[in-house]
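S.K.: Structure of the sequence below:
(one chain, ligands or ions: 3)
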Amino acid sequence: MKEFDHQAGTRTGILLSNLGTPDAPTASALRRYLAEFLWDPRVIEMPRLPWWMILHGIILRVRPSRSAALYKKVWTSDGSPLLHIAEQQRQQIQVALGTDTPVVLGMRYGNPSIAQALTELKNQQVERLVVLPLYPQYSGATTGSTFDAVSAELQRWRWVPEVRFINTYHQHAGYIASLCESIGRHIERYGIPQKWLFSYHGTPKEYHLKGDPYFCYCQKTTQLVAERMGWSEEQYMTTFQSRFGKAEWLQPYTDMTLEHLPGQGVKSVAVICPGFSADCLETIDEIGRENKEVFMEAGGEQYHYVPALNDDISHIKALVALLEPHL
Ligand SMILES: C=CC1=C(C)c2cc3[nH]c(cc4nc(cc5[nH]c(cc1n2)c(C)c5CCC(=O)O)C(CCC(=O)O)=C4C)c(C)c3C=C
Ligand SMILES: [Fe+2]
Ligand SMILES: [Fe+2]
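M.R.: Numbers count the residues shown, from 1 in each chain. Ligands and ions are numbered 1, 2, ... in the order given. Sure, this is the predicted structure:
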């Protein structure tokens, strides 16, 4: 517990956050993880009682074993890719900022939790806090929900630190430059495809209609990258992946687009997922395997996934540049 100290200086701590991942690729760990994730009212904006019945009556009976089988495919000896990569990002940002500015990782769902991470910062006598949710494009369902979790923990503290919350970086110059660098490396290895597909995680269309800026921020990121690369409009496209449930989600859908492109004469594509700061189930399996199968079976000839920025030096530099004005 922090005691007041007349001599102490002002110490800033950094909380990095991402979505989180199950503790293991098993049905029981998935049930725990999905129960927390899908109960978040920022994620599923449905009246609580009917949603509780659907979640506990159907989804949590069926989905955990199905999702566990998918997670098993991407799990490595280091565990979940998302968590492992986030920890590498944390370590490198820690090295860049120096030991006097502690950098901790707290996941929105599962472990290590945001509450654990904030407690660690409190134990390190932090009086100023900078929160960086690792979602480049703000959405209420992700960044907004991270804010909820941070403030829920801080509500329990007597001495609330000074807080800065970075809520979007979809047009940050360093982030855009880092995306372009990774595309450049891809071109050196594989050449230029007929079409670049920018695939972002979807959200229900209704959230967009109610004012969530996510859809527009995704378009903006694509546009900035395309401009910097000097591409014409026929060379690229923005699509949305990872639909969940029966409602309409943001369109066009990634999988349907990939199914139709070969019929329109597009036989080679490269898919890039700028909304994922780290590779995870949704990129490695859904984009790297599942959608590749869709495209090839529809007559596609060449399909590549451009990896997420992960712990690329230019990505770490961009994240540090984002933090710097707040230090
Ligand atoms: C990057 C931004 C993300 C948005 C926006 C987002 C919205 C969103 N997601 C679901 C449901 C699920 N997402 C799942 C996995 C998942 N989602 C994101 C990111 C965003 N989600 C990531 C990084 C991951 C992968 C986590 C990992 O451990 O690798 C899952 C779990 C997997 C599964 O069972 O299919 C679900 C479920 C909704 C409903 C939603 C918008 C409201
Ligand atoms: Fe998701
Ligand atoms: Fe998925």
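S.K.: How many residues are close by residue 32?
M.R.: 17 (other Cβ atoms under 10 Å). (C-beta placed from N, C-alpha, C; glycine too.)
S.K.: That one - that's part of a helix, no?
M.R.: Yes: residue state for residue 32 (DSSP: H, G, I helix; E, B strand; the rest coil) corresponds to a helix.
S.K.: quick one, what contacts it?
M.R.: 22-23, 110 (Cβ atoms under 8 Å, 6 or more residues apart in numbering).
S.K.: Rebuild these as CSV, extending it with secondary structure.
M.R.: Below are these laid out as CSV (three-state DSSP):
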residue, secondary structure
22, coil
23, coil
110, coil
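S.K.: which one among those residues gets closest to ligand 3?
M.R.: residue 22 (13.4 Å; Cβ to the ion).
S.K.: hang on, the closest one packs against residue 70?
M.R.: No: if you go by Cβ atoms under 8 Å, residue 22 and residue 70 don't touch, sitting 10.8 Å apart.
S.K.: Who has more neighbours out of those two?
M.R.: Between residue 22 and residue 70, counted using other Cβ under 10 Å, residue 22 has the larger neighbour count: 28 against 18.
S.K.: And the more buried one, how far from ligand 1?
M.R.: Plainly put, residue 22 is 7 Å away from ligand 1 if you go by Cβ to the nearest ligand atom, to the nearest Å.
S.K.: and the gap between that residue and residue 114?
M.R.: For residue 22, the distance to residue 114 equals 17 Å [Cβ to Cβ, to the nearest Å].
S.K.: again, but for residue 38
M.R.: 18 Å.
S.K.: Show me which of the two is the more surrounded one.
M.R.: Using other Cβ under 10 Å as the criterion, residue 38 and residue 114 rank with residue 114 on top: 24 against 18.
S.K.: what's around the closest residue to the more buried one other than its chain neighbours, how many residues?
M.R.: Once flanking residues are discounted, residue 114 sits nearest to residue 106: 3.8 Å by Cβ to Cβ, 6 or more residues apart in numbering. As a burial measure, residue 106 scores 26 neighbours (other Cβ under 10 Å).
S.K.: quick one: residue 106 from residue 22, how far?
M.R.: Distance from residue 106 to residue 22, by Cβ to Cβ: 16 Å.
S.K.: Closest approach to ligand 3 from the stretch 51-200 of the chain, which residue is it?
M.R.: Counting by Cβ to the ion, the stretch 51-200 of the chain gets nearest ligand 3 through residue 70, at 7.4 Å.
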